[in-house]
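Chemist: Give me the fold of what follows.
(one chain, ligands or ions: 1)
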Amino acid sequence: MQADFYRDTWVEVNLDAIEQNVRNMKNHIGDLVDLIAVVKANGYGHGAKQVAESALHAGASMLAVAFIDEAISLRQQGIKAPILVLGAIRAADIELANKYDLIITCFSIDWLMEAGNACMSHGIQLHIKVDTGMGRLGVREESELKKIVNYVESSPHFQITGIFTHFATADEDEPSYFLTQYKRFQQFLSFIPHEKLLIHCANSATGLKFPSKLYNAVRLGISMYGLSPSVDMKNSLPFTLEEAFSLQTKLVHVKKVPKGTKISYGATYEAMEDEWIGTLPIGYADGWIRKLRDSEVLILGQRFPLVGRICMDQCMVRLPYELPVGTKVTLIGKQDTQKISIDEVANRLDTINYEIPCMITSRVPRLYFKGNKSCELINPLLTNMTIES
Ligand code: PMH
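Modeler: Purely as a prediction, here's the structure:
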């Protein structure tokens, strides 16, 4: 296998895991409910195009992204499936959306009228976003929803093909706020003819927990990537989620330092005895941020501590004995019986698992695996190439 990256730090994405998670979710929600694969933010850091292809192959029927640029990027990479842009697009960009055959979120009558004025094309698909309690984007009053329906009825430019909302607390044990939002969504639906619409309110948490409350589509994000939507839900998942993302590096320098030697910026770490120190070519500019300075990594199936401050491009690990340069080091993922999960890293950083793969920057190449074989490498620093193995 020849790979075009020359620094020994890379992400591995297991596309079989993505497919398995999508298949399991499809089985769970049933044939009558469509699965929309949420691949915004470069597929939560995994790679939007690769995840999209795997999800579509496993039964997803639509993709969702946040911004129009993400949608155009998918089209430019040959993705033909329907793409819904979840976020607000500029009204002035409506023709661009049409050019790339995108489904656009309509979130207010003002936006719609402005888009109508900027529009020459016919039949652009809209999904109406209603705000039932997230407070982020969407129509908040039935009267505004009615105005939107009336406007579209008298406009050749648009057609309403879907309506959706987003839950703020579906992943939490306490269901009352979720149920209030759900009821509000039902009320909105009674103000719009919806027999032919794609109606979707569910994120991963809703899809997993409430298979009878899904209308006819689920927007699957975090659990497609093999992660639980929350710690609350972890022990009551209806099927096993398989994590797709791992982060690897290698020892690039190994040295024995005498007791008292200081390590890294600030000279904050001091060797308590003669110690073996390894250097890893990953740092905060890769998303391995300075707050991870006391975290652990896996080498030869065992845990070892990072020592000293994490630098921009490198960090140091304390080794039990001399290990050869080139030894594989896992920052996220499995080695033998040991695993550093994304949840463990999130917990250490006092954040949610969503943030972890998103924060590993594009400087780190993504290597894709199918059937235990690498099939594609993406290194935005250099040209992309397909690996023939
Ligand atoms: N639909 C919308 C509108 C979303 O914003 C998201 C996730 C999803 C579906 C998928 O949710 P899931 O990943 O929980 O399945 N959006 C975000 C967000 O804006 N911040 O964290 C997750």
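Chemist: list the contacts for the residue positioned nearest the centre of the chain?
Modeler: What sits nearest the mean C-alpha location of the chain, by CA atoms, centre = their mean, is residue 44, with 1.9 Å. Residue 44 makes contacts with 38, 51, 221, 222, 225, 354, 357, 358, as judged by CB atoms under 8 Å, 6 or more residues apart in numbering. Where you see a C-beta, it was placed from the backbone N, CA and C, and this is true even at glycine.
Chemist: Show the model's pLDDT score for the fifth one.
Modeler: So that's residue 225. Looking at residue 225, its pLDDT is 98.
Chemist: Quick check, it in contact with residue 244.
Modeler: Yes. With contact defined as CB atoms under 8 Å, residue 225 reaches residue 244; the gap is 5.4 Å.
Chemist: Mutual contacts of these two, please.
Modeler: Common contact partners of residue 225 and residue 244 (CB under 8 Å, 6+ apart): 18, 21, 46.
Chemist: tally of neighbours for the residue in the stretch 151-300 of the chain positioned nearest to the ligand?
Modeler: Minimum separation of the stretch 151-300 of the chain from the ligand (CB to the nearest ligand atom) falls at residue 221, amounting to 2.3 Å. Neighbours of residue 221 under the rule other CB atoms under 10 Å: 23.
Chemist: Grab the nearest non-local neighbour of it.
Modeler: Distance criterion CB to CB, 6 or more residues apart in numbering; nearest residue to residue 221, sequence neighbours excluded, is residue 38 at 3.7 Å.
Chemist: Can you give me the distance of that neighbour to residue 202?
Modeler: 11 Å (CB to CB, to the nearest Å).
Chemist: hey, what's in contact with both of the two?
Modeler: With CB under 8 Å, 6+ apart, residue 38 and residue 202 have common neighbours residue 219.
Chemist: ok, which residues in this structure are in contact with the ligand?
Modeler: 38, 86, 166, 203, 204, 205, 219, 220, 221, 222, 229, 354 (CB under 6 Å from any ligand atom).
Chemist: Please look at the fourth one and residue 167 and confirm they touch.
Modeler: Yes. Residue 203 sits in contact with residue 167 when judged by CB under 8 Å, with a separation of 6.3 Å.
Chemist: Residue 66 is in contact with residue 41, correct?
Modeler: Yes. Residue 41 lies in contact with residue 66 (CB under 8 Å); the separation is 6.8 Å.
Chemist: where along this structure do the helices fall?
Modeler: Taking DSSP state H as the test, the helices found in the chain are 15-29, 40-44, 48-57, 68-76, 94-99, 109-118, 142-153, 176-189, 204-209, 342-348, 355-359.
Chemist: Which of the residues in the fourth one are classified as buried?
Modeler: Along helix 68-76, the positions that meet the burial threshold by neighbour count (16 or more other CB atoms under 10 Å) are 68, 70, 71, 72, 73, 74.
Chemist: which intervals of the stretch 1-150 of the chain have sub-threshold pLDDT?
Modeler: 1-3 (pLDDT under 70).
Chemist: ok so, going back, which ChimeraX command selects the buried ones in the shared contacts of residue 225 and residue 244?
Modeler: To isolate the buried subset of these in ChimeraX, counting by 16+ other CB under 10 Å, use the following:
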select :18,21,46
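Chemist: Looking at the shared contacts of residue 225 and residue 244, spot the one nearest residue 102.
Modeler: Residue 102 lies nearest to residue 46 out of those, by CB to CB, at 21.6 Å.
Chemist: Just read off the phi/psi values of that closest one.
Modeler: Dihedral pair for residue 46: phi -90, psi -20, per degrees, to the nearest 10.
Chemist: That one touches residue 244, doesn't it?
Modeler: Yes. Between residue 46 and residue 244 there is a contact at 6.1 Å, judged by CB under 8 Å.
Chemist: Can you pull the residues that touch both of those two?
Modeler: Shared contacts of residue 46 and residue 244, counting by CB under 8 Å, 6+ apart, come down to 13, 18, 225.
Chemist: Which residue is the nearest non-sequential neighbour of the second one?
Modeler: When you say that, I think you mean residue 18. Nearest to residue 18 is residue 54, by CB to CB, 6+ apart, at 4.4 Å.
Chemist: contacting residues around the closest residue to residue 123 other than its chain neighbours?
Modeler: Spatial nearest neighbour of residue 123, chain neighbours left out: residue 159 (5.3 Å); criterion: CB to CB, 6+ apart. Going by CB under 8 Å, 6+ apart, residue 159 touches 123, 124, 125, 126, 152.
Chemist: One more: residue 11?
Modeler: If you count contacts by CB under 8 Å, 6+ apart, then residue 11 has 45, 46, 245, 246, 247, 248, 357, 360, 364, 365, 366, 367 around it.
Chemist: still on that earlier bit, and the residue of the stretch 151-300 of the chain closest to the ligand, what does it touch?
Modeler: 38, 40, 44, 203, 204, 354.
Chemist: change it to 7 Å
Modeler: 38, 44, 203, 204 (CB atoms under 7 Å, 6 or more residues apart in numbering).
Chemist: Repeat that for residue 160.
Modeler: Residue 160 neighbours (CB under 7 Å, 6+ apart): 126, 128, 152, 197.
Chemist: And the first one, how far from residue 236?
Modeler: In this structure, residue 126 and residue 236 are 36 Å apart, going by CB to CB.
Chemist: How about the last one?
Modeler: The gap separating residue 197 from residue 236 is 31 Å, by CB to CB.
Chemist: who has more neighbours, the two?
Modeler: Comparing residue 197 with residue 236 by neighbour count (other CB under 10 Å), the higher total belongs to residue 197, at 19 against 10.
Chemist: That one against residue 161, yeah?
Modeler: Yes. The pair formed by residue 197 and residue 161 meets the contact definition of CB atoms under 7 Å, at 6.4 Å.
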